[in-house]
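Asks: Attaching a predicted model along with its sequence, questions to come.
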Amino acid sequence: MEMLELKKKYFIETELGIDSSYGNILAIIDFGNVNYWFEEDRQDADNKLLNEEEKLVIDIKKLSEFCALFASDARFYYGQDTQNENSLKFIIAARHIFGKSRVFTKPIQKIRHHLKHDEIELNKRTTFTDSSGIYIKIPKCNFDVEITVDAIRLIGNYDTLALFSGDSDFLSLARFLRKNGKKVILVKGGHITSDLRKEVDKVINAQSIKRHIAIRKQKPGVKPGLANR
């Protein structure tokens, strides 16, 4: 094992506390939730300010490699926009990285949200108009049911479920798994409910693993240096 991998393994066991007591671990990634973890961050993992034209994004290759340090299997759930070429390319890349049989997707639904007067001025999305006024299309693709069904269906294959999501809808799943002798690790970005926190064995804040899964990236449509002029 290379030195870098040894350091990562040490980090997993000593700083995150994921040791052999967790047994065989299945990682489930609710990427629709994970994808926004660092959206508002203005600093990288070394506390260095991002340039105005930069943002932090999840690198799915790094995410896969991180999961492989402690999990024997990782399953990736994310919606795709069949009308968007970049969305389709992303799913192809995810299948290449995680494995075709480990990526689960379905078409994104676009929900109409009619804007109130004060929302119109702040809105940055493309707007549309109908008889009820001005609206935007909000993409929505929830995998709560699919993830829950798979976690229960595969319950005999793991000792611990590592769930990458902060969605409170997984409260019942966590409670069920623990009642059936499983452990639950929750890797979350923002706030989680106190009820969900009580039903898991370990909570890992995404900020503590930022350097292992995130990279700096240029914001779309902004050329380097222009934002600082």
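Replies: That came through fine. Residues are numbered from 1 along each chain as shown.
Asks: can you give me the strands for the chain?
Replies: Ranges of strands in the chain, per DSSP state E, are 25-30, 54-58, 73-77, 103-104, 109-114, 127-130, 133-140, 160-164, 183-188, 202-205, 214-218.
Asks: got these as JSON lines, with distance to I152, mean neighbour count and mean pLDDT columns?
Replies: Glycine gets a C-beta too; all of them are placed from N, C-alpha and C. Shown next, in JSON lines, are the strands of the chain (distance: least, CB to CB, whole Å; neighbours: other CB atoms under 10 Å; pLDDT from 0 to 100):
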{"stretch": "strand 25-30", "distance to I152": "12", "mean neighbour count": "25", "mean pLDDT": "98"}
{"stretch": "strand 54-58", "distance to I152": "27", "mean neighbour count": "20", "mean pLDDT": "95"}
{"stretch": "strand 73-77", "distance to I152": "13", "mean neighbour count": "22", "mean pLDDT": "98"}
{"stretch": "strand 103-104", "distance to I152": "15", "mean neighbour count": "21", "mean pLDDT": "98"}
{"stretch": "strand 109-114", "distance to I152": "25", "mean neighbour count": "12", "mean pLDDT": "82"}
{"stretch": "strand 127-130", "distance to I152": "40", "mean neighbour count": "11", "mean pLDDT": "90"}
{"stretch": "strand 133-140", "distance to I152": "24", "mean neighbour count": "14", "mean pLDDT": "82"}
{"stretch": "strand 160-164", "distance to I152": "10", "mean neighbour count": "25", "mean pLDDT": "98"}
{"stretch": "strand 183-188", "distance to I152": "13", "mean neighbour count": "22", "mean pLDDT": "97"}
{"stretch": "strand 202-205", "distance to I152": "20", "mean neighbour count": "16", "mean pLDDT": "96"}
{"stretch": "strand 214-218", "distance to I152": "31", "mean neighbour count": "15", "mean pLDDT": "93"}
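Asks: residues contacting S21?
Replies: Contacts here follow CB atoms under 8 Å, 6 or more residues apart in numbering; on that basis S21 touches nothing.
Asks: re the thing from before, let me have the strands of the chain in JSON lines, extended by distance to D19.
Replies: Converted to JSON lines, the strands of the chain look like this (distance: least, CB to CB, whole Å):
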{"stretch": "strand 25-30", "distance to D19": "11"}
{"stretch": "strand 54-58", "distance to D19": "25"}
{"stretch": "strand 73-77", "distance to D19": "18"}
{"stretch": "strand 103-104", "distance to D19": "29"}
{"stretch": "strand 109-114", "distance to D19": "41"}
{"stretch": "strand 127-130", "distance to D19": "52"}
{"stretch": "strand 133-140", "distance to D19": "38"}
{"stretch": "strand 160-164", "distance to D19": "11"}
{"stretch": "strand 183-188", "distance to D19": "12"}
{"stretch": "strand 202-205", "distance to D19": "11"}
{"stretch": "strand 214-218", "distance to D19": "25"}
